[in-house]
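1. what follows is a predicted structure for the sequence shown.
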Amino acid sequence: MHKEKGNAGKLSSTVLSKDFDPRVPVSTLRSKSFCRLVNGNFSASFKFSEDYEKLMTYALRILSKKRYTHAEMLNKLRAFSKKRGMADAEIGHAIQRLFELNYLDDKKYAEDFILSKLRIKPAGKFFLKGKLRLKGIPKEIIDSALDNAGLDESNLAIEALGARKRIWEKYPLQKQKERAFRFLISRGFASDAIYKAIEKCYDLAS
């Protein structure tokens, strides 16, 4: 099938607005652009199975609301298929088409996820890895995304301490350091990054 360009993840309203209505079965839509979206190079008259068309209609509808990883979409389609007593045979074809359209892209998802999480609050690699693994992204893709992000865990750990450090100032120095260590562990930082952050924030500052 021909690989079409498109942004990974959530579908923009401009992609779907003219051709896509989630209440209407794909089989009733005869727009050439929509048939090309669903069926690739096949002509509008080409008949895919009804199950495939239903799966694609559902997949495009939920992708218009939020992004999904490969594993998440696979689980969604399996649940959709099972609930309606459909065979699983067409799920693979639907997944393949979504990859061709770049609506499923675990690498891009992982990279964007890391950046979005770090914009909200600093976190360590173990925290980010755990969150992405829960979404079913393979380890090698996660490791690659983290490497590409170029994270400086020591600086992130120092940033994470932030206001917490001020709150703990009423405690003895050793108690402050113990609290800082536990907090940074809970945020998924590696031990070496934690020791460096504590040294800079407490030992060198004292």
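-> Thanks, I have it.
2. tell me which element the closest residue to residue 171 other than its chain neighbours is part of?
-> Once flanking residues are discounted, residue 171 sits nearest to residue 179: 7.0 Å by C-beta to C-beta, 6 or more residues apart in numbering. Just so you know, the C-beta spots here come from the backbone N, C-alpha and C atoms, and that holds for glycine as well. Using DSSP states H and E, residue 179 maps to helix 173-186.
3. and that helix, what does it pack against?
-> helix 153-167, helix 191-198 (3 or more C-beta pairs under 8 Å, 6 or more residues apart in numbering; DSSP states H and E).
4. just want the angle from the last one to helix 173-186.
-> Okay, so that is helix 191-198. Here the directions of helix 191-198 and helix 173-186 differ by 140 degrees (axes from the mean of the first three to the mean of the last three C-alpha atoms, to 10 degrees).
5. report the angle between helix 191-198 and helix 153-167.
-> Counting by the same axes, to 10 degrees, helix 191-198 lies at 50 degrees to helix 153-167.
6. can you pull the buried residues of helix 191-198?
-> Buried residues in helix 191-198, defined by neighbour count with 16 or more other C-beta atoms under 10 Å: 193-198.
7. again with the longest one
-> Residues 153-154, 156-158, 160-161, 165 are the ones in helix 153-167 that count as buried (16+ other C-beta under 10 Å).
8. residue 144 contacts residue 114, correct?
-> No - here residue 144 lies out of contact with residue 114, judged by C-beta atoms under 8 Å, at a distance of 11.0 Å.
9. show the average pLDDT along stretch 153-165.
-> For stretch 153-165, the mean pLDDT works out to 91.
10. in which helix or strand would I find the residue most central in space within the chain?
-> By C-alpha atoms, centre = their mean, the chain has its centre lying nearest to residue 109, at 4.1 Å. Element membership for residue 109 (DSSP H and E) is helix 106-120.
11. this completes my enquiry, with thanks.
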